[in-house]
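*Asks:* mind folding the following:
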Amino acid sequence: MGHLVKGGGGYDLVNTVCQVAAKRAFGEAGLSPGDVDVAEIYDSFTITAMIQLEEIGFCAKGEGGSFVEDGNIELGGALPLNTHGGLLSCAHPGVPGGLLHMVEAVTQLRGGAGERQVSGACVALCTNASAVASNFSMALLGREPR
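*Replies:* You can find the predicted model right below:
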């Protein structure tokens with residue numbers, strides 16, 4: 001399930017089109033943020049990931065910092081995030097980083113991530129953003145529980 005959304009004049013750094021893509025993708029999939037087992041969120045900058053955590057609905061606006069600080073995005077946390085290290089550690093800029101998120105999501109769902117495997121992962125979320133998230137895509141990938 002994927003969605004590409006292009007923003008207009010009503011969006012800015014803290015009110016992005018990310019929420020539009022999330023609403024559409026979750027609605028069509030019949031899922032909610034609470035159903036996501038692992039998230040591969042486009043993290044061109046630290047704030048990009050934080051904004052998306054809030055805009056997608058993993059935590060309330062203004063609570064991204066405490067959500068992260070409480071360990072929720074760690075392996076074993078409520079929402080393991082960027083289990084391959086994320087773009088800030090391996091791919092940004094200059095490499096097709098958004099595709100690395102998709103590859104990692106599929107690896108997680110197949111159970112092939114080794115030490116970074118999210119146990120029992122059945123639903124993965126991937127995002128990709130450009131131009132301060134004024135252009136945004138989101139995909140929900142899933143498999144049947146084993």
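*Asks:* show residues contacting stretch 109-117.
*Replies:* 75, 83-84, 104, 107-108, 121-122, 124, 141-143, 146 (Cβ atoms under 8 Å, 6 or more residues apart in numbering). For the C-beta atoms, the positions are set from N, CA and C on the backbone; glycine is no exception.
*Asks:* give me the buried subset of those.
*Replies:* Those of those that meet the buried threshold are T83, H84, E104, T107, Q108, A121, C122, A124, L141, G142, by 16 or more other Cβ atoms under 10 Å.
*Asks:* and the furthest pair within the contacts of stretch 109-117?
*Replies:* Using Cβ to Cβ, the contacts of stretch 109-117 reach their maximum pairwise distance at H84 and R146, which is 21.7 Å.
*Asks:* ok, I73 touching L81?
*Replies:* Yes: judged on Cβ atoms under 8 Å, I73 makes contact with L81 at a distance of 3.7 Å.
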